[in-house]
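Participant: Following is a predicted model, sequence given first.
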Amino acid sequence: MKALLFSALLAASASSFACGEDEVGTLYFAQEVPEFTCHLPGLQARLEISGGLQCALEITASQTAVGTCPPVATGQVVLFRLLYFVATLRGQDVVEVQLAAATQERDLREYSDKELMLSFDLNQLSSAFDDDADGVSNIEEICNGTNPLPD
């Protein structure tokens, strides 16, 4: 994976959402997708925000993960997790196979701006997911065409 810093501007939009005084407004996320070791068909991304908020991101043809996310409450410490995954069939069920994730904790207890800049360092992007515990990462298994899920 290419080591670079990637960031996202999460900005309030007064026209699309009336923000409360205790939250950052509607969040717009745009981030370059890291280079993985192979082409990953069906690659998806999601921004997860502590408190159960999730923001599905679209991966564009220009390899940018983009999306509009719900408002984030301030007045607390918030954990952001950027997750890359693929969906695969296990029997008749669709299962997510996690490939890589980066997390960032932000202290928003005294945060009063309506914009928030997140930066995820790709050197801290974890790709050690191994669902079937065979010593081969999920990314390697997807690249090799083998099943990363336990039997």
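Facilitator: Nice, thanks for sending it over.
Participant: and the closest residue to Leu79 other than its chain neighbours, what is it in contact with?
Facilitator: Spatial nearest neighbour of Leu79, excluding adjacent residues (CB to CB, 6 or more residues apart in numbering): Ser50 at 4.1 Å. To be clear about C-beta, it is placed using only N, CA and C from the backbone, and glycine gets the same treatment. Contacts for Ser50 were tallied using CB atoms under 8 Å, 6 or more residues apart in numbering; they are 77-80.
Participant: Recalculate using a threshold of 10 Å.
Facilitator: 72-73, 76-81, 103, 105-106 (CB atoms under 10 Å, 6 or more residues apart in numbering).
Participant: Show me which pair in these is furthest apart.
Facilitator: Longest distance between any two of the contacts of Ser50 is 18.0 Å, between Ala73 and Thr103; criterion CB to CB.
Participant: In three-state terms, label the residue positioned nearest the centre of the chain for me.
Facilitator: Taking CA atoms, centre = their mean, the centroid of the chain lies closest to Leu82, which sits 2.2 Å from it. Under the three-state scheme (DSSP: H, G, I helix; E, B strand; the rest coil), the conformation of Leu82 reads as strand.
Participant: so who does it touch?
Facilitator: The neighbours of Leu82, taking CB under 10 Å, 6+ apart as the test, are 6, 8, 29, 31, 34, 45-48, 55, 57, 65, 100-104, 118, 120, 125.
Participant: Which helix or strand contains the nearest residue to Val95 once chain neighbours are set aside?
Facilitator: If the residues on either side of it in the chain are set aside, Val95 comes closest to Thr88, at 5.9 Å by CB to CB, 6+ apart. Of the helices and strands defined by DSSP states H and E, Thr88 is found in strand 77-90.
Participant: Okay, now the unreliable bits of this structure?
Facilitator: With pLDDT under 70 as the threshold, the chain has low-confidence stretches at 1-22, 25-26.
Participant: Do a quick rundown of the helices in it.
Facilitator: Counting by DSSP state H, the chain has helices at residues 138-144.
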